Every structure is written in C-alpha cells, then in structure tokens.
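Asks: 3D, please:
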Amino acid sequence: IRRANIQDLIKMQGTNLLCLPENYNFKYYLYHGLSWPYLLYCAEDYDKSIVGYVLAKLEEDDDNSKLIHGHITSISILRSHRRMGIATKLMKQALIGMNEIYNSKFCSLHVRASNLPAFNMYNKVLGFEITGIEIQYYADKEDAYKMKYYFDEEDKKVDKDKILSLSDNIEWKDIMH
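Replies: Residues are numbered from 1 along each chain as shown. Have a look, this model is predicted:
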C-alpha cells in the first residue's frame with residue numbers, strides 16, 4: 001500500500017473499469033490527484049501492478065455548517081485480490097490522511113445496499129455508521145447506504161440523532177429494498 005502518484009492514475013482508472021459499474025473519466029482522477037494528493041492510495045502486487053486503489057476527496061458538509069470533511073469517492077480491488085484485507089488497509093490510509101493532514105471531522109461514503117461484504121468492512125471493521133439511505137442513488141437505480149466515520153467521539157455524540165441504529169431484532173432483509 002502506498003500513496004498514489006500521477007503516473008498511477010491511468011492504472012487506477014483501469015482497475016475501476018474492470019471492477020465497478022460506476023466509472024469516471026481520466027480528468028476526474030487527475031483532479032483528485034492534484035487537489036488531494038494525500039487522499040489517493042494504491043495497492044501493488046509483487047510485480048508492481050496496481051491491484052486496488054482508494055480515491056478520496058474533501059468537501060463541505062451538506063448542511064449549513066460548511067464543515068470540511070473527507071469523502072470516499074471510489075474504492076476498487078481486483079477480484080483476484082479480494083478478501084485479503086487490501087480494501088481495509090487502503091481505507092485506513094485514506095482516513096489517516098483525512099484526519100492528520102486535512103483535519104477532517106468525519107469521512108462520508110455511499111455503499112450499495114446489496115454489497116454486504118463492503119458494508120461489513122465499513123461498519124464492523126472500520127466503524128462507519130449508517131446516517132441515511134439514498135433511494136436509487138446509483139445509475140442502475142440501486143439504493144445506497146450513506147455512512148459516516150467520526151474521527152472524534154465528541155463529534156459523533158453531537159451527530160447522534162443522524163445515526164440510524166439497527167437493533168438486534170432487525171434483519172437485513174427488512175432494510176434491503
């Protein structure tokens with residue numbers, strides 16, 4: 001796992017095209033790389049080929065506070081390299097950059113409602129909380145869970161009314177559409 005550089009962006013885009021239905025043009029990767037160089041990380045295989053990446057950015061909060069926070073734009077791991085902890089390591093690096101370099105209060109992301117492995121990584125492994133459901137968020141009309149990771153417990157307490165809690169008697173089938 002290492003910080004991505006400008007030369008990596010085309011390979012990162014290639015990984016995206018192989019793995020995800022949401023694709024971005026090269027200018028979007030370049031914009032991220034030039035604007036937030038400490039929020040782009042890639043994972044290399046033994047032969048130096050890129051097998052995964054995380055693309056993150058800073059943005060203002062969507063309420064009136066204008067609070068700057070981090071946002072995960074895209075994360076992708078080649079199928080052959082999944083279930084090895086690479087996505088977790090990439091996410092941790094991006095979170096460190098958001099917190100230590102850019103002093104973000106939290107990190108937000110969207111995850112497909114059907115992507116249970118990713119949801120479990122975000123929620124159970126990394127500690128992200130569900131803050132909402134975006135109906136038909138993706139181009140194919142699938143819903144997304146809106147999630148946040150708080151860098152400070154005090155900020156989490158302030159936002160506690162925005163966190164959706166899943167009680168033990170709620171089944172996944174009850175919240176999946």
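Asks: okay, which residue is most central for the protein?
Replies: Taking C-alpha atoms, centre = their mean, the centroid of the chain lies closest to I72, which sits 3.4 Å from it.
Asks: that residue sits in which helix or strand?
Replies: Element membership for I72, per DSSP states H and E: strand 68-77.
Asks: the chain: helices as residue ranges?
Replies: 9-19, 26-35, 86-96, 116-120, 153-158, 172-175 (DSSP state H).
Asks: got those helices as CSV, with distance to Y102 and mean pLDDT columns?
Replies: In short, each C-beta sits where N, CA and C put it, glycine included. Converted to CSV, the helices of the chain look like this (distance: least, C-beta to C-beta, whole Å; pLDDT from 0 to 100):
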stretch, distance to Y102, mean pLDDT
helix 9-19, 20, 66
helix 26-35, 11, 78
helix 86-96, 10, 95
helix 116-120, 24, 92
helix 153-158, 15, 71
helix 172-175, 32, 48
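Asks: looking at those, which is nearest to E59?
Replies: For the helices of the chain, the distance to E59 is smallest for helix 26-35, at 10.7 Å, taking C-beta to C-beta.
Asks: neighbouring strands - and their directions - for the strand holding I72?
Replies: Sheet pairing of strand 68-77 (DSSP bridges) gives strand 50-60 (antiparallel), strand 106-112 (parallel).
Asks: which stretch in the ones you listed has the least confidence?
Replies: Lowest mean pLDDT within the strands paired with strand 68-77: strand 50-60, a mean of 88.
Asks: between helix 26-35 and it, find me the angle.
Replies: Interaxial angle, strand 50-60 versus helix 26-35 (axes from the mean of the first three to the mean of the last three C-alpha atoms, to 10 degrees): 70 degrees.
Asks: buried set for strand 50-60?
Replies: By neighbour count on 16 or more other C-beta atoms under 10 Å, the buried set for strand 50-60 is I50, V51, G52, Y53, V54, L55, A56, K57, L58.
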